[in-house]
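Undergrad: Predicted model and sequence below, questions to follow.
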Amino acid sequence: MGDSWRADFAVRDGKISPVDEGSESSGADFTLAAADRVWEGLCADRPAAGEHSIVYLVRTGVVELSGDSLAYDRSVQIVRALLDAAREASSHAKIGKPLRAVGSYHRVSTSLGTSDIYVERAGSGVPLLTFATAGSDTSQWHGVMTHSDLTDRFELITADLPWHGRSSPSWGEPVGSYQLTPETYTEYIVAICDELGLDRPVLLGVSMGGAAVVHAVATRPGLFAGAVACQAGPSVQARANEHLRGTRVNPALFIPEWTYGLMNPASPEEFKQRVWWGYSSGGFGLYAADIDSYLSWNLDLVEHLLTAESPHIAVLSGAFDTSVPPERSRELASRISNSSFELMPELGHFPHAENPAAFVPYLEAALARVLDSGRGVQG
């Protein structure tokens, strides 16, 4: 509903149909209302950052939701699909080079339990140990491997946390027992480095992984050459939601929509769909457990450890990320003595996965800053 118009839709038998203007519409389960300029921004072929996500605009009250809020939560994928369809153009990526990653399993024991951890490696050069977003796995990095030449200069190493991707659950632990903290994440990162025999790799993490690499460099500086932290802030806000592990709304539909709006709508469709599919594929409660851990991240607890002698941390921020907006990432960088910050105007919360070809130039510049700053402290 806009300033002086409304559009009604009915969903029956898996089909979306417009309701005739003269039909009775008072039986609508829910209504979304906003000024015309808001709808125009949402439906633009290339929406501006902050105007691009219906989930964000409803959550912040810019789009007013009335009626049955649960019906909206159950239908958010339909609402988003309608808005996508209203755009006249979409971006597509050509198929990339064949994926050449080599996978292997490694028995790793930490406070998270004993698991057979799945690791993928691609390329050669400076070791770059990477960590995905909450609830995700090594497949998030495949686009970087297939749609850039980064692996000509760096060895890209990815590892799935226990219970994630192709790593096994922790042996003997019941389903639903998985819990992560910044401390146990660092313990896991160190264990992976030990298992793989990595000599002071550069760490690269996104979102929860971005916070994790900051914590790891702060608490174990001698083990790493530095880090690139993407989409991370000094703390985390507004990421809890009852439906992440609830039963009233299908998490396999809700979670990917909860995250889909954090990307730039103009990013290539093929990569956005991969991100959506990845979030629809996780085990029940896994994403929620990671978010619980992520919400416990607070730079205040380790800021005093990050000195001018610490390894360099390069902070990157996608402008379309409404969960960790650029001002939060900029604040993170400003509070770390040996750090740098760069904005990525065309990217969102999943820069490595939603548009890897656009992301890699920012990443390579960040890696140059890390490596140029020296090998960091020893010990």
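TA: Sure, I can see it.
Undergrad: just the strands in this structure please.
TA: For the chain, the strands defined by DSSP state E occupy 9-12, 15-18, 30-33, 64-67, 102-110, 113-122, 126-131, 154-159, 202-206, 226-230, 313-318, 339-344.
Undergrad: For Lys94, grab phi and psi.
TA: phi -70, psi 150 (degrees, to the nearest 10).
Undergrad: okay, now it: neighbour count?
TA: Residues near Lys94, counting by other Cβ atoms under 10 Å, number 8. (Each C-beta comes from the backbone N, C-alpha and C, glycine too.)
Undergrad: For the stretch 251-379 of the chain, give me the ranges with low pLDDT.
TA: For the stretch 251-379 of the chain, the stretches with pLDDT under 70 are 375-379.
Undergrad: would you list every one of the helices in the protein?
TA: 36-43, 54-59, 69-86, 142-146, 182-196, 208-219, 251-260, 269-280, 286-295, 326-334, 351-354, 356-372 (DSSP state H).
Undergrad: Let's test this: mean pLDDT of the third one, rounded?
TA: I take that to be helix 69-86. Taken as a whole, helix 69-86 has a mean pLDDT of 93.
Undergrad: who does that helix touch, helix- and strand-wise?
TA: Using 3 or more Cβ pairs under 8 Å, 6 or more residues apart in numbering; DSSP states H and E as the contact definition, the elements that helix 69-86 packs against are strand 9-12, strand 15-18, strand 30-33, helix 36-43, helix 54-59, helix 251-260.
Undergrad: Can you add mean neighbour count and distance to Glu183 and give the ones you listed back as JSON lines?
TA: Output for the helices and strands packed on helix 69-86, formatted as JSON lines (neighbours: other Cβ atoms under 10 Å; distance: least, Cβ to Cβ, whole Å):
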{"stretch": "strand 9-12", "mean neighbour count": "12", "distance to Glu183": "46"}
{"stretch": "strand 15-18", "mean neighbour count": "10", "distance to Glu183": "47"}
{"stretch": "strand 30-33", "mean neighbour count": "16", "distance to Glu183": "42"}
{"stretch": "helix 36-43", "mean neighbour count": "16", "distance to Glu183": "41"}
{"stretch": "helix 54-59", "mean neighbour count": "20", "distance to Glu183": "31"}
{"stretch": "helix 251-260", "mean neighbour count": "22", "distance to Glu183": "26"}
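Undergrad: and those as a markdown table, adding distance to Val302?
TA: Below are the helices and strands packed on helix 69-86 laid out as a markdown table (distance: least, Cβ to Cβ, whole Å):
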| stretch | distance to Val302 |
| --- | --- |
| strand 9-12 | 48 |
| strand 15-18 | 49 |
| strand 30-33 | 42 |
| helix 36-43 | 39 |
| helix 54-59 | 29 |
| helix 251-260 | 27 |
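Undergrad: what's the closest of those to Leu301?
TA: helix 251-260 (26.4 Å; Cβ to Cβ).
Undergrad: thinking again about what came up before, now for the strands of the chain, which one comes closest to Asn250?
TA: strand 9-12 (14.8 Å).
Undergrad: which other residues reach that closest one?
TA: Residues outside strand 9-12 that contact it (Cβ atoms under 8 Å, 6 or more residues apart in numbering): Ile16, Ser17, Pro18, Val19, Ser75, Ile78, Leu82.
Undergrad: Try it again at 7 Å.
TA: Ile16, Ser17, Pro18, Val19, Ile78, Leu82 (Cβ atoms under 7 Å, 6 or more residues apart in numbering).
Undergrad: cool, and stretch 360-376?
TA: Taking Cβ under 7 Å, 6+ apart as the rule, stretch 360-376 contacts 144, 148, 150, 200, 202, 221, 224-226, 228, 310-312, 314, 316, 338, 340, 342, 344.
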